[in-house]
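S.K.: fold the following for me, if possible:
(chains A and B)
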There are 2 protein chains.
Amino acid sequence: MFLRRFASTSCLPPTIYDLLRSSTHTPSSVRVNGWVKSIRRQKNVSFAVITDGSSARGLQAVFRSGELAKRLTNGACVSLTGQLCDSPGKGQSKELQVDEGEVIGECDPEIYPIQKQALSVEYLRDNCHLRARTDSIAAMLRLRDTSKTAIHDFFKREGFHSVHTPILTSNDCEGAGEAFRIAQVPSIHPASAGEPSRTEEFFSKPSYLTVSSQLHLEALATAISRVYTLSPCFRAEPSQTARHLAEFWMLEAEWAFTQSVDDVCRVVEAAMKAVVNTALASQDMEVFAKDSELSRIEALRSAADASRAWPRISYATAVQELAKSGQGFQYKPAWGKPLQSEHEKWLAETLVGGPVFVTDYPIELKPFYMRLNDDGKTVACFDLLVPHVGELVGGSLREERLDLLKRALAYHKLDAEAYRWYLELRKFGGAPHGGFGMGFERLISWISGIENVRECIPMPRWAGRMLL
Amino acid sequence: MFLRRFASTSCLPPTIYDLLRSSTHTPSSVRVNGWVKSIRRQKNVSFAVITDGSSARGLQAVFRSGELAKRLTNGACVSLTGQLCDSPGKGQSKELQVDEGEVIGECDPEIYPIQKQALSVEYLRDNCHLRARTDSIAAMLRLRDTSKTAIHDFFKREGFHSVHTPILTSNDCEGAGEAFRIAQVPSIHPASAGEPSRTEEFFSKPSYLTVSSQLHLEALATAISRVYTLSPCFRAEPSQTARHLAEFWMLEAEWAFTQSVDDVCRVVEAAMKAVVNTALASQDMEVFAKDSELSRIEALRSAADASRAWPRISYATAVQELAKSGQGFQYKPAWGKPLQSEHEKWLAETLVGGPVFVTDYPIELKPFYMRLNDDGKTVACFDLLVPHVGELVGGSLREERLDLLKRALAYHKLDAEAYRWYLELRKFGGAPHGGFGMGFERLISWISGIENVRECIPMPRWAGRMLL
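M.R.: Below is the predicted model:
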């Protein structure tokens, strides 16, 4: 049977990625299914690049007969059989000498929305359902997969279990209005005649889309001790920056028995380096590494170097450095004020020239759950800042001391009763613990160099915009 | 330094799972962090089982001095150092001879909600934040992780890419009222004095929580050709069965160039068997395999046997078999009527005695996107039925023929304009394709024998109920 030698234990025939990697040098009969990326017609022979999305590189198909080649158009779906051979040409190791084939899905080149010339990101956002057919979006999708696998591998090695925390929650994100709320549903108790129809909460109380899995992860980490999730999160923020989406994916990890911010940073740094190194080894980096960006790839490689630890500076030091930088910042840096995007970029890009952990922020800038430092005015936390992106990761030790946690709730004017379950995690066998959250699309942006996170997710959603 | 030999490339010290697996027979100094599961005090020595959630089995700690042992209570969080030795006792291979230690998180046994005696599932649902501390919920959480990893490994081997499809969508599930809707947000255009305050759609149009990722996966499969996702899905169904949740996780896969339902079933069968076999090899099955259930585990093992293919029968045959079964079904089986839960269970449990694919349902019972068979009255689809659970997987070929798809939209009274993007996937280089969806909690229920899916997810949500 066709192809068994490539994939004898598989249910499905080999992909183009498999065929291109095949180590045999003897021509072999294969069937190739895919889409036409480009066509070059010469007098006695025609060439087409076929892709099935499995690989950054397509497979060159060589047509000796003009008959089939004539009917090929960009975007058409084809099924070809022929001989897979070593390629004499430059730019590819293998090629397909086509014996026969057919067009199984026509594509009219006059009206096909994905034309060969460069298409604007805005145009491609409007054609969201087709944009994965472009090289860059396809490479981004594979990079997401590669990164996700590297994340899972890393956490497995470190003894973590992946968990699914809830998306629907009664937690409204401290009432800040950032959480999407679920609409009420028609009441099962019908209204009397003349009354307006009634609605009610499906869950008997208001429900929201999660803005972070952290509190739920903490509950699981007091039993499974090392847990993480890569989960969708939602923010009903109207902001339209290149770094924000209304729906995004967040890696969050939480583990018991960690006792210092340094420890947490060490895990973050190892995780990030594992992902970046895996990504750097993938073919897809070819798509992102245009000539003009080689310095960016070099910077990424240097950041991922295991022998060089990422610097850690305190918030206090960061503010001092910003103050004496002589930069004309829009926002004047000062103790007690948040670091602005412009500050974060300067710290990573100029002061350090690479990723940098900024630790121990003032208590008033951070959420209630972060562990109070002995100085009584800062918390045991960090932000990881990286060039071009800014904040990539945020994390902390969590306050495990019941009395201090109650005080923190009061300080942040939160209702202790709503957090009773959270307090009980400390009351019954509480453990020192910590964790972090990382915006997955920001990671993809950092690795790929794609500037806007809207191009770092298959189907982006932001204020005013949701296609499909 | 402590423990380096167990985990020299790790960021974190070894877990109890690592320690129990350690192959060395020379006693070695280790630190163990975890929670007390049980205590047995004798005259000169005390024993405690310590768990950190990493393993179905705990580590036995042996206390020669009574001082520390006296302060141990069930649920307390402890940090112990001592010698990890081969255990002379039965029931464990290793034990910890404790040198010293401390209670780092007290747990008052008088009021600790997780008492040693058997706790009802209802009580544990009420204590959702603590229930992962029970053996069965912890084992279920690890089984989810094991299954998820097996799923990812399987699809990676088969050349698939994992993708993240959107959770928020403009698709309202054909208006069936099953989709949760996102509430409107306060308008950025304030109302005039006296007018009621205005609200508006955040995305400029109504948005819903996804009920299935399939249509989005199809868009990606026309570019990446083999894609899958394990993603949260939502149904605002008021039903309170043991098989339904308002928030659940679904594995959905979609791939191009598949041409028959048999092909799709083959992939499903291989995927399910890979997951079940991986799960059967895990320690956690000990927790589920109570004596009374050994026959269930045997049945699972037999179902996962690679040498025995799962039977495939057509819907027509299934209806005939049901009709002549002589069972007093509540719903009389008849062509054109849906298979009820009672029918599905009989087919899997009695007729076949194992998993069974039922294929080729009448067109009126299935959604618009399924591929029409040549008979003009059935579609190329299947449901996979398994004992005790019923429907575990549903899948089909998708209609790739543009004219027939348009006709199917009309037949199901759907607005073709709303599906323009979906039609374009066929219009431009369409490929024959198919896929399936599997309820992840049902898989966990099938493997573990846990009857209610509410115990197959960390924090369940159903009509009227959402804790945390």
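
S.K.: got the buried residues for the longest helix belonging to chain A?
M.R.: Longest helix of chain A, by residue count under DSSP state H: helix A:135-157. Using 16 or more other C-beta atoms under 10 Å in any protein chain shown as the test for burial, helix A:135-157 gives A:136-152, A:154-155. C-beta coordinates here come from the backbone N, C-alpha and C atoms, glycine included.

S.K.: could you do stretch A:358-371 as well?
M.R.: A:358, A:359, A:360, A:361, A:362, A:363, A:366, A:367, A:368, A:369, A:370, A:371.

S.K.: for the residues you listed, work out which two are farthest apart.
M.R.: A:358 and A:368 (20.1 Å; C-beta to C-beta).

S.K.: follow-up on the earlier one: which strands or helices does the longest helix of chain A pack on?
M.R.: strand A:226-234, helix A:261-280, helix A:285-288, helix A:440-448, helix B:135-157, strand B:161-162 (3 or more C-beta pairs under 8 Å, 6 or more residues apart in numbering or on different chains; DSSP states H and E).

S.K.: comparing those, which yields the minimum mean pLDDT?
M.R.: Lowest mean pLDDT of the helices and strands packed on helix A:135-157: helix A:285-288, a mean of 92.

S.K.: please point out which parts of it sit buried.
M.R.: In helix A:285-288, counting by 16+ other C-beta under 10 Å, buried: A:285, A:287, A:288.

S.K.: got a list of what the second one touches?
M.R.: Contacts for residue A:287 were tallied using C-beta atoms under 8 Å, 6 or more residues apart in numbering or on different chains; they are A:56, A:135, A:136, A:139.

S.K.: hmm, the first one is touching residue A:136, no?
M.R.: By that I understand residue A:56. No: with contact defined as C-beta atoms under 8 Å, residue A:56 does not reach residue A:136; the gap is 10.2 Å.

S.K.: which residues in the stretch 251-400 of chain A form strands?
M.R.: Listed in chain order, the strands of the stretch 251-400 of chain A (DSSP state E, counting those that start in this stretch) span A:312-314, A:356-359, A:381-386, A:390-398.

S.K.: format these as a markdown table; extra columns: mean pLDDT and distance to residue A:214.
M.R.: What follows is the strands of the stretch 251-400 of chain A, written out as a markdown table (pLDDT from 0 to 100; distance: least, C-beta to C-beta, whole Å):
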| stretch | mean pLDDT | distance to residue A:214 |
| --- | --- | --- |
| strand A:312-314 | 98 | 22 |
| strand A:356-359 | 98 | 18 |
| strand A:381-386 | 98 | 12 |
| strand A:390-398 | 97 | 8 |
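
S.K.: and those, which is most packed in?
M.R.: strand A:381-386 (a mean of 26; mean count of other C-beta atoms under 10 Å in any protein chain shown).

S.K.: does it reach chain B?
M.R.: No: Strand A:381-386 does not reach chain B (C-beta under 8 Å from any C-beta of the partner chain); its nearest approach is 15.1 Å.

S.K.: out of everything not next to it in sequence, what's closest to residue A:218?
M.R.: Once flanking residues are discounted, residue A:218 sits nearest to residue A:254: 5.6 Å by C-beta to C-beta, 6 or more residues apart in numbering or on different chains.

S.K.: what does residue A:301 give?
M.R.: residue A:280 (6.1 Å).

S.K.: ok, now how distant is that neighbour from chain B?
M.R.: The spacing between residue A:280 and chain B, counted by C-beta to the nearest C-beta, to the nearest Å, is 19 Å.

S.K.: for the buried residues of helix A:285-288, which one is nearest chain B?
M.R.: Using C-beta to the nearest C-beta, the shortest approach to chain B within the buried residues of helix A:285-288 belongs to residue A:287, at 13.8 Å.

S.K.: for burial, what's the neighbour tally of the nearest residue to residue A:154 once chain neighbours are set aside?
M.R.: Among residues not flanking residue A:154 along the chain, residue A:274 sits closest, at 4.5 Å (C-beta to C-beta, 6+ apart). When neighbours are counted by other C-beta atoms under 10 Å in any protein chain shown, residue A:274 registers 20.

S.K.: kindly report the same for the one 4 residues further on.
M.R.: A count of nearby residues for residue A:278, using other C-beta under 10 Å, gives 19.

S.K.: kindly report the same for residue A:108.
M.R.: 12.

S.K.: could you say which helix or strand contains it?
M.R.: Per DSSP states H and E: residue A:108 is located in neither a helix nor a strand.

S.K.: next one: residue A:98
M.R.: Applying DSSP H and E, one finds residue A:98 within strand A:94-105.

S.K.: what's the answer for residue A:436, then?
M.R.: Going by DSSP H and E, residue A:436 is part of strand A:433-439.

S.K.: can you list the strands that that strand pairs with?
M.R.: Using DSSP bridges, strand A:433-439 pairs in its sheet with strand A:247-256 (antiparallel), strand A:390-398 (antiparallel).

S.K.: if we can go back for a sec, gap between the strand holding residue A:98 and the chain center?
M.R.: 36 Å (C-alpha atoms, centre = their mean, to the nearest Å).

S.K.: check stretch A:377-387 too.
M.R.: 21 Å.

S.K.: and the end-to-end length of that stretch?
M.R.: 29 Å (C-alpha to C-alpha, to the nearest Å).

S.K.: same check, this time on stretch A:220-237
M.R.: 29 Å.

S.K.: how near is residue A:299 to chain B?
M.R.: 24 Å.

S.K.: hang on, I meant residue A:339
M.R.: 26 Å.

S.K.: run a quick neighbour tally on that residue.
M.R.: Residue A:339 has 23 nearby residues by other C-beta under 10 Å.

S.K.: so in chain A, where's the weakest helix or strand by average pLDDT?
M.R.: Least confident element among the helices and strands of chain A, by mean pLDDT, DSSP states H and E: helix A:66-70 (a mean of 87).
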